[in-house]
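> Whatever this is, show me its structure:
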Amino acid sequence: MLRCYSYDIVCQEIPDEITLAVNISCCPNRCPGCHSPWLWEDAGEEMTEEMLVTLIGRYSSAVTCFCFMGGDADPFEVQRFAQCVRKEFPHLRTAWYSGKERIPDGFDISSMDYIKIGPYIAEKGGLKSRETNQVLFRVHPDGRMERIFLK
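Numbers count the residues shown, from 1 in each chain. All right, here's what the predicted structure looks like:
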């Protein structure tokens, strides 16, 4: 089960996209220096397909992408909800920010247009740092993953 703690429209997480980003609680990663430690807790509204469709429906004409910020406690639910987004809102791209070091075995990357992996390590910085361990990929329709570098 995934829980939506909060959401916002953002413009920096996914390049060239106006993104409706949903912050998912129950993060199991507990990265030292985490910018959102409140997402470690079991809090927020249970995510259902109905809730997701209603939320996205409010903003679908204003955004180009929907991003799951977290969900590492249940990545296959992230995949399932991403497939729901693709079905209900085919004009939106989908993205997932995971703090894990790799994509889980069996995860269908075709449910995403973008995937970020890697835990936050304060001394290495985030995606804009040249030393970062985090990687953002664009997932192409043929399954190829292309690394994206942020400026």
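> When you work out contacts or count neighbours from here on, use the C-alpha atoms and nothing else.
Will do.
> and the next element down the chain from the longest helix seen in the chain?
If you go by DSSP state H, the chain has its longest helix at helix 75-88. Per DSSP states H and E, the first helix or strand lying C-terminal to helix 75-88 is strand 93-97.
> Mind listing the strands the lengthiest strand in the chain pairs with, and their directions?
In the chain, with assignment by DSSP state E, the single longest strand is strand 3-10. The pairing partners recorded for strand 3-10 under DSSP bridges are strand 19-24 (antiparallel), strand 45-46 (antiparallel).
> Buried residues in it, which are they?
Within strand 3-10, the residues scored as buried using 16 or more other Cα atoms under 10 Å are 3-5, 9.
> Look up how far Leu92 lies from the closest residue to Cys84 other than its chain neighbours.
Using Cα to Cα, 6 or more residues apart in numbering and skipping residues adjacent in sequence, the residue nearest Cys84 is Glu49, 7.1 Å away. Remark: distance between Glu49 and Leu92 (Cα to Cα, to the nearest Å) = 16 Å.
> More neighbours: these two, which one.
Leu92 (21 against 15; other Cα atoms under 10 Å).
> which ones are touching the more buried one?
Applying Cα atoms under 8 Å, 6 or more residues apart in numbering to Leu92 gives the contacts 60, 63-66, 85-86.
> Please apply the same query to Ile103.
Ile117.
> Would you mind measuring from it to Leu136?
Taken as Cα to Cα, the span from Ile103 to Leu136 is 12 Å.
> which residues do these two both contact?
With Cα under 8 Å, 6+ apart as the test, Ile103 and Leu136 both reach Ile117.
> Find me the pLDDT at the residue of the chain positioned farthest from its centre, would you?
Distance from the centre of the chain peaks at Glu123, with 22.6 Å (Cα atoms, centre = their mean). pLDDT recorded at Glu123 is 90.
> for the one 10 residues further on, same thing?
Taken from the predicted model, the pLDDT recorded for Asn133 is 92.
> what do you get for the one 5 residues further on?
Here the pLDDT value assigned to Arg138 is 97.
> Give the burial count for it, as a bare number.
With other Cα under 10 Å as criterion, Arg138 counts 19.
> That concludes my questions; thank you for your assistance.
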